[in-house]
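**Student:** Okay, sequence plus prediction incoming.
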There are 2 protein chains.
Amino acid sequence: MNLILLQEADFISPDIVRLSGRRLEHIVNVHRAKPGRQLRVGLLDGNIGYGQITTLADQQVELRVELSKNAPPPPPITLILALPRPKMLKRIIQHVTALGVKKLVLINSYRVEKSYWQTPWLEEEKLFEQCLLGLEQAVDTQMPEILLRKRFKPFVEDELPELCQGSQKLVAHPVGGTACPVDIGEACTLAIGPEGGFIAYEVEKLKEAGFHSVHLGPRILRVETALPVLVSRLFPSY
Amino acid sequence: MNLILLQEADFISPDIVRLSGRRLEHIVNVHRAKPGRQLRVGLLDGNIGYGQITTLADQQVELRVELSKNAPPPPPITLILALPRPKMLKRIIQHVTALGVKKLVLINSYRVEKSYWQTPWLEEEKLFEQCLLGLEQAVDTQMPEILLRKRFKPFVEDELPELCQGSQKLVAHPVGGTACPVDIGEACTLAIGPEGGFIAYEVEKLKEAGFHSVHLGPRILRVETALPVLVSRLFPSY
């Protein structure tokens, strides 16, 4: 937790927040903070700044906050990701959020097992929690939007064209295509397949939607390794 | 497993290998392969090519192999990494190997808990296993070298100068420094601290050894996210 993330409900006056639970524990156990200490805080979907501890008790802490700095600008990327298996999902949501991605569409694909869609980690509240962890890690406040699309074809045919309008459209695919460009300097919609990759039909459908196939060289990376590589390669200045 | 990795002991004649155990299971359960089928294979620290299944039985499979392609060239990077906590270590070794790093030094740092050095995952055989998984994932054959250095100061003062000679020396540190360069086109020694970062004293010692502090922008990433970002940013053509 490199940032203590505040929500509107934490405010008991215009510049005082009262925290308990996980954030209190972090302040006490990790920061070992005492009254007077300044900690980095941010308001969810708002500014970043500092909070000075005014009172600290067993069950709650109060901070006087000043939020004067903007959150870091996000890379202009929309990420379309074949739903990872549940074990990976949590971690990948945190990765995605920490990398500053603000729009994520989890889609179905032939190699996504049907059972993956049943995981409780896809519940709105759980996704929100993982995003919070990613934001706290990355010192960011802007919550990403996550869409779930359980049917590949209707998504690609009916919804994707509008979603990716005006952006460079890339699908990461280890076979064929060209080397993934570096520092593209414009908005991008990036599709990443499941472990094992999109099948030929799916790559074809994405190409029909204007997507261009790119690879990362001879090494085939896991989704969780490829993801930071791709985002940082496309947008090294974010 | 995008590559079936062979070792010298697997050869029963100059071009025939006999496999059992994990690799046999993979051939049967994932590839659902029958005799005649060609699979991608590579020789540990050797070439990559194809193996054609000649016989397949319950306990073993034999393949006739032809190894005509070089392994992918590795990025010229030596990675110095503060020992991650055991839970992360396995995954990070696989990440590092899959990214093509061939020299990894795991070092101590003030924020590395002493107990981390006791984990069985640091045993030579376990590290070897994780590296194998990374190579199989990335379609690479060249085993990385891993050094363990439990004392920060003697390592940095006595061993590091020779180790990093002639290379660009960078320490990834979220505070201060300059933006991490892109596509440096020369050999690099990159030091990455533990979660929470190197302490000021350690950064100072690294600077004395010629290291320059670089950051990845306003977002603070976990080691496992920062690692692929850094390697791909320094060497996007590998």
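**Tutor:** Right, received. Where do you want to start? Numbering: from 1, shown residues only, chains lettered A, B, ... in the order given.

**Student:** is the helix or strand hosting A:Val171 anywhere near chain B?
**Tutor:** Using DSSP states H and E, A:Val171 maps to strand A:168-172. No - contact of strand A:168-172 with chain B (CB under 8 Å from any CB of the partner chain) is absent, the minimum separation being 12.5 Å. All C-beta spots, glycine's among them, are computed from the backbone N, C-alpha and C.

**Student:** neighbouring strands for the next helix or strand after that strand, and are they parallel or not?
**Tutor:** Once the chain leaves strand A:168-172, the next helix or strand it forms, by DSSP H and E, is strand A:178-179. Note on strand A:178-179: by DSSP bridges, its sheet partners are strand A:212-215 (parallel).

**Student:** what about the helix or strand just after the partner strand and chain B, any contact?
**Tutor:** Note on strand A:212-215: by DSSP H and E, the next helix or strand toward the C-terminus is helix A:223-234. Yes - contact of helix A:223-234 with chain B (CB under 8 Å from any CB) involves A:224-229, A:231-233.

**Student:** Equivalent analysis for stretch A:194-210, please.
**Tutor:** No - figure legend: stretch A:194-210 not in contact with chain B (CB under 8 Å from any CB); closest approach 9.2 Å.

**Student:** show me where chain A has helices.
**Tutor:** A:21-25, A:86-98, A:124-138, A:152-154, A:160-163, A:200-208, A:223-234 (DSSP state H).

**Student:** same for the fourth one, what does it pack against?
**Tutor:** Helices and strands touching helix A:152-154, as assessed by 3 or more CB pairs under 8 Å, 6 or more residues apart in numbering or on different chains; DSSP states H and E, comprise helix A:200-208.

**Student:** Which single one of the residues of helix A:223-234 next to chain B is nearest to A:Val214?
**Tutor:** A:Arg233 (9.5 Å; CB to CB).

**Student:** Can you report how many residues lie near the closest residue to A:Ile80 other than its chain neighbours?
**Tutor:** Nearest residue to A:Ile80 in three dimensions, chain neighbours excluded: A:Ala191, at 4.2 Å (CB to CB, 6 or more residues apart in numbering or on different chains). Number of residues near A:Ala191 (other CB atoms under 10 Å in any protein chain shown) recorded here: 27.

**Student:** I'd like to know how far A:Ala191 sits from chain B.
**Tutor:** The gap separating A:Ala191 from chain B is 19 Å, by CB to the nearest CB, to the nearest Å.

**Student:** Then A:Gly197?
**Tutor:** 10 Å.

**Student:** thinking again about what came up before, check the offset of the strand holding A:Val171 from the chain's centre.
**Tutor:** Its chain's C-alpha centre lies 18 Å from the corresponding centre of strand A:168-172 when counted by CA atoms, centre = their mean, to the nearest Å.

**Student:** got the residues of chain A near chain B?
**Tutor:** Along chain A, the residues adjacent to chain B under the rule CB under 8 Å from any CB are A:2, A:72, A:94-95, A:98-100, A:137-140, A:179, A:182-183, A:216-222, A:224-229, A:231-233, A:236-238.

**Student:** from these, which would you call buried?
**Tutor:** Among the residues of chain A next to chain B, those scoring as buried are A:2, A:72, A:94-95, A:98-100, A:137-140, A:182, A:216-222, A:224-229, A:231-233, A:236, A:238 (criterion: 16 or more other CB atoms under 10 Å in any protein chain shown).

**Student:** quick one, what contacts the residue nearest the centre of chain A?
**Tutor:** Nearest to the mean C-alpha position of chain A, by CA atoms, centre = their mean, lies A:Thr97 at 2.1 Å. Neighbour list for A:Thr97: A:130-131, A:133-135, A:137-138, A:140, A:144 [criterion: CB atoms under 8 Å, 6 or more residues apart in numbering or on different chains].

**Student:** so how far is stretch A:110-129 from its chain's centroid?
**Tutor:** Worked out by CA atoms, centre = their mean, stretch A:110-129 lies 15 Å from the chain centre.

**Student:** circling back: which among the contacts of A:Thr97 gets closest to B:Gln59?
**Tutor:** A:Gln130 (43.5 Å).

**Student:** so where's chain A shaky on pLDDT?
**Tutor:** By pLDDT under 70, chain A contains no weakly predicted segment.

**Student:** Outline the domain layout of chain A.
**Tutor:** Under the assignment automatic domain parsing, the domains of chain A span A:4-69, A:77-234.

**Student:** which one of the ones you listed lies closest to B:Ala200?
**Tutor:** Closest among the domains of chain A, using CB to CB: domain A:4-69, at 17.6 Å.

**Student:** I'd say A:Val101 and A:Pro228 touch.
**Tutor:** No - using CB atoms under 8 Å, A:Val101 is not in contact with A:Pro228, being 10.6 Å away.

**Student:** Now do the shared contacts for those two.
**Tutor:** Common neighbours of A:Val101 and A:Pro228 (CB under 8 Å, 6+ apart) do not exist.

**Student:** The closest residue to A:Val101 other than its chain neighbours and A:Pro154: what is the separation?
**Tutor:** Closest residue to A:Val101 apart from its sequence neighbours, by CB to CB, 6+ apart: A:Leu79 at 5.0 Å. In this view, A:Leu79 and A:Pro154 are 19 Å apart by CB to CB, to the nearest Å.

**Student:** Could you check which of those two is surrounded by more residues?
**Tutor:** Neighbour totals were compared for A:Leu79 and A:Pro154, and A:Leu79 leads with 23 against 11 (other CB under 10 Å).

**Student:** who touches that one in this structure?
**Tutor:** Contacts of A:Leu79 (CB under 8 Å, 6+ apart): A:96, A:101, A:103-105, A:190, A:192, A:231.

**Student:** Out of the residues you listed, which two sit at the greatest distance?
**Tutor:** Taking CB to CB as the measure, these span a maximum distance of 15.0 Å, between A:Val105 and A:Val231.
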